[in-house]
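Asker: sequence plus the predicted model coming up.
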Amino acid sequence: MRTIETIKSGRNYKAVSVGNINQIIEHELPMGPNVIRGKVFVGQAVGATGSELSFQTLVPGQDSGFLHTHKTHEELYIILRGEGTYQVDGEQFPVSEGTIVRVSPDGRRALKNTGSENLTMLCIQYRANSFSEADSPMTDGNILADPLVW
């Protein structure tokens with residue numbers, strides 16, 4: 001079983017590694033009496049305070065195992081590798097590398113690998129309706145006058 005490795009941390013950051021994309025399958029996530037192979041949550045490991053994120057790899061023919069919803073979290077599913085079928089509220093559509101799916105908390109969702117290679121995705125969870133117009137990356141960011149030194 002692969003574990004999350006801390007690379008470096010400081011007052012305002014923490015960097016970790018879950019391994020390369022082919023090694024996601026080596027993680028195991030205990031969920032009640034079951035263990036989900038190929039899934040790893042990373043939010044707590046990096047000290048995230050406004051979101052949770054996870055990586056998951058599904059082998060050919062594997063699905064996420066269950067439909068689920070959330071109480072308050074919206075999710076973004078980003079397909080990094082492979083192809084499959086995503087379903088929300090009974091509707092199904094194809095997904096592949098580069099596909100991004102946003103699902104509201106009440107959306108009944110699941111993912112299945114329908115390809116011949118592993119499907120790997122990144123899922124980002126955050127509180128729904130928590131951003132306002134003032135949270136735009138164009139208005140929230142500050143470009144500093146300090147010189148960039150490598």
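Answerer: Okay, I see it.
Asker: what about residue 54, how many residues close to it?
Answerer: 20 (other Cβ atoms under 10 Å). C-beta here means a position set from N, CA and C on the backbone, and glycine is covered the same way.
Asker: so what's the residue positioned nearest the centre of the chain up against?
Answerer: Relative to the mean C-alpha position of the chain, the nearest C-alpha, by Cα atoms, centre = their mean, is the one of residue 123, at 1.9 Å. Listed by Cβ atoms under 8 Å, 6 or more residues apart in numbering, the contact set of residue 123 reads 53, 54, 55, 56, 75, 76, 77, 78.
Asker: what's the separation between the fourth one and residue 123?
Answerer: Applying Cβ to Cβ, to the nearest Å, one obtains 7 Å for the distance of residue 56 from residue 123.
Asker: what of residue 48?
Answerer: Between residue 48 and residue 123 the computed distance is 13 Å (Cβ to Cβ).
Asker: residue 23 looks like it's in a helix, true?
Answerer: Yes: with DSSP: H, G, I helix; E, B strand; the rest coil as the criterion, residue 23 is located in a helix.
Asker: how far away is the nearest residue to it once chain neighbours are set aside from residue 118?
Answerer: Nearest residue to residue 23, sequence neighbours excluded (Cβ to Cβ, 6 or more residues apart in numbering): residue 2, at 5.7 Å. The span separating residue 2 from residue 118 equals 15 Å under the rule Cβ to Cβ.
Asker: of these two, who's got more company?
Answerer: For residue 2 and residue 118, the more surrounded residue by other Cβ under 10 Å is residue 118, and the numbers stand at 18 against 15.
Asker: element containing the nearest residue to that one once chain neighbours are set aside, please.
Answerer: Counting by Cβ to Cβ, 6+ apart, the nearest residue to residue 118 once its immediate chain neighbours are dropped is residue 57, at 5.1 Å. With elements taken from DSSP states H and E, the one containing residue 57 is strand 52-58.
Asker: residues in contact with that strand?
Answerer: The list of residues contacting strand 52-58 from outside it, by Cβ under 8 Å, 6+ apart, reads 18, 24-25, 27, 36, 38-44, 64, 73, 82, 84, 111-113, 118-126.
Asker: now that strand: buried residues?
Answerer: By neighbour count, and taking 16 or more other Cβ atoms under 10 Å as the criterion, the buried residues in strand 52-58 are 53, 54, 55, 56, 57, 58.
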